[in-house]
Each structure stands twice: as C-alpha cells, then as structure tokens.
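J.: got a sequence here, can you model it:
(4 chains)
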There are 2 protein chains.
Amino acid sequence: MKYSNATNYALHTMVYLIWLPKASTVGVQDLAEFQKLSPTYLSKILTKLTKAGLIESTPGAKGGYKISKSPKEISFLDVIIAIEGESNLFNCSIHHNEGCLIEKVMRESEDNMKEELSNRLLIDIVEKMELQKQAKESN
Amino acid sequence: MKYSNATNYALHTMVYLIWLPKASTVGVQDLAEFQKLSPTYLSKILTKLTKAGLIESTPGAKGGYKISKSPKEISFLDVIIAIEGESNLFNCSIHHNEGCLIEKVMRESEDNMKEELSNRLLIDIVEKMELQKQAKESN
DNA sequence: TTATTAGAGACAACAAGAATCTTTAATATC
DNA sequence: GATATTAAAGATTCTTGTTGTCTCTAATAA
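T.: Residues are numbered from 1 along each chain as shown, chains lettered A, B, ... in the order given. All right, here's what the predicted structure looks like:
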C-alpha cells in the first residue's frame, strides 16, 4: 500500500502555487521544470486538481494555473482525495458481511488519519519554509 | 492507495485461528474453504504470517497451522506489516530533499495510524463476535 | 514406508500506475 | 479576425505489483 507518485507531485505543486505571489498564474512548463517532470504528465495531475476545485486554469496566451481559493482552506486531505479518490482503504473480503468487526476497526483508523490530514494546511508548510529560508539567510 | 486483498484474508484468517480452541491446528484446506479461497493461494499468505512469527506451521499428517503466541500480543498492525511489509506510505518525490516538510506531515499521520493499529488486538474482535453470537442465541 | 501436509519456485493473467504523444478547444494579443 | 499560446482530452505504451495457479520438494505423523 502506497500513495501514488501523482499525489506526491500534486502536494509539491500545490505548495509551490501557494508560495507564489497571489493572483499570478504559472504555466505547466514552469511547474514541470520545477519538479523535473514531463509537462504532459503533470498536466493530467493539474487537471485533477482543477476538477477538484483546488486550482483554476485559464487556457490561451498568458494563461496557466493559480490557487482557486484561500490557502487557509486547503488541507493535505483535499489534495490527496483529489488525486487518489475517496474510496476506502479497506473493504471486508467476505461476501455479504455487513458490519464486519475487522472492517470497522480498519475504517476507524483510516478515518482518524483522514481527520488529522484534514486539519493540516498546506499554507503552514509554506510559512515554515519561509522561516527556514530566513534563518539560512541570516547566517 | 489500498490494502491488498492478502491483508484482508490474513486478518480474517488470524481472527479465525484465534477463535479456534487453543492448541488445535487447522490445515490450509479448511482455512481456504472458510474464506472461499484456493488453498495454494492462501498458503502463500500463511507462509508470510509464519515467517512473521504470528503463527506456527507443522508439515506432515495431522499438521497445519496454529497461533504461535498469546492472542493478547497480536495486533492488527502485526498482521498488516507481515503482509504489506513496513515501507512507508509516502516518500518525498524530490531528489535530495532531506527533511521535506510535506513528507514530515505525511509521515506523522502514518505513524499515528500505525500507533492506533498496534493498540487494537485481534482477540478483542473474537470476544465481540462471541458476545454477538450469544446475544443472537438468547433471542 | 506411506499418506499427508507445508514451503518454494516458476509462471501466467490481470490491473493499476506512470508516462508519452497527438489532437482539440479555449483565449489573449496583435 | 488571424495567430500564437496554453489547457484538456484521448489513445497508447511501458512498467510494476498483485493475484492466482501449477508443480515439485521437504518435513512429519502414523
């Protein structure tokens, strides 16, 4: 069991977009270069983020991507669900077993993890990164 | 991201083995039938559980499988790791990025989930199942 | 010694993920 | 309105991991 690479790229991309000066849009080219990815591949990931309502896209010249809502409303969980979907990590393997107690425990642990990830905001990462950067510069 | 079917089967098998009268061994045949699985396939899963030290196997006539330690020491996490391995769910995608803050958050949420699953014992499931059974019978 | 049982290995089928390429649709700018 | 630019959609390939089967070997109780 592993998160897909796409989730990984999506999280890094979102942090980058949040870190960017507000209202500026970036094209796939730049985003891809920043992560050493092929633009066409990253583009698929960005489309998912767009459909999930996390970013906005405008085609055409001077187009690109930008955050679509306040960074304070974007959690880790939002990004993860945008990429991975929201199906459960565990489903009882025994046919016709409503209320399986094993499934119940597994589901609870999953819910707790999601709860935690929904409380972690990407903006906090950006702020910490800037603090680290400042600390480095003052050396 | 999903748990493998094997983990699912392994959990159900372990609960079954714990539920069994102590010290009695069961062959793959019975265990497979109970879950409607092919014996050869389930056998692979059982071998993993054996190597993880969760169950004991004795080959030969009247052989089979049984729990290898006290049920009070067998957690959900033990079974999950026996099947899925213990690699992390998330690894930063950016090369040479020690101390990635995104990875840190993801790792923390994973650790918390594992912590919770290590505190959930399979024996508790068995006990609840027996209570449910008794409740049904007294109707 | 024999029947029975687990273990190991090779192998095939399938599904999902990762990634590329090509074509289409939308849009700002001239 | 024409053109350059950019996102979106679709088809396709490649790889990887899971799922599952089959066969052969090793161990053991009777």
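
J.: pull the CA atoms of the helix ranked longest in chain A into CSV?
T.: Within chain A, and with DSSP state H defining each element, the longest helix by residue count is helix A:101-118. Once non-C-alpha atoms are left out, helix A:101-118 reads as follows in CSV (Å, rounded to 0.1, in the frame of the first residue of the first chain):
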residue,chain,number,x,y,z
LEU,A,101,-15.8,-6.0,13.0
ILE,A,102,-12.4,-6.2,11.3
GLU,A,103,-13.5,-3.7,8.7
LYS,A,104,-14.9,-1.5,11.5
VAL,A,105,-11.5,-1.2,13.2
MET,A,106,-9.7,-0.6,9.9
ARG,A,107,-12.2,2.0,8.9
GLU,A,108,-11.8,3.8,12.2
SER,A,109,-8.0,4.0,11.9
GLU,A,110,-8.5,5.3,8.4
ASP,A,111,-11.0,7.9,9.5
ASN,A,112,-8.7,9.2,12.2
MET,A,113,-5.8,9.6,9.7
LYS,A,114,-8.1,11.5,7.3
GLU,A,115,-9.3,13.6,10.2
GLU,A,116,-5.7,14.5,11.0
LEU,A,117,-4.8,15.3,7.4
SER,A,118,-7.8,17.5,7.0
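
J.: and the contacts of that helix?
T.: Contacting residues not belonging to helix A:101-118 are listed as A:75-78, A:80, A:88-92, A:97, B:3, B:11-12, B:15, B:76, B:105, B:108-110, B:112-113, B:116-117, B:120, B:125, B:128-129 [C-beta atoms under 8 Å, 6 or more residues apart in numbering or on different chains]. C-beta here means a position set from N, CA and C on the backbone, and glycine is covered the same way.

J.: who are the contact partners of A:Val15?
T.: Taking C-beta under 8 Å, 6+ apart as the definition, contacts of A:Val15 comprise A:122, A:125-126, A:129, B:102.

J.: and it, its phi and psi?
T.: When read as degrees, to the nearest 10, the backbone of A:Val15 gives phi -60, psi -40.
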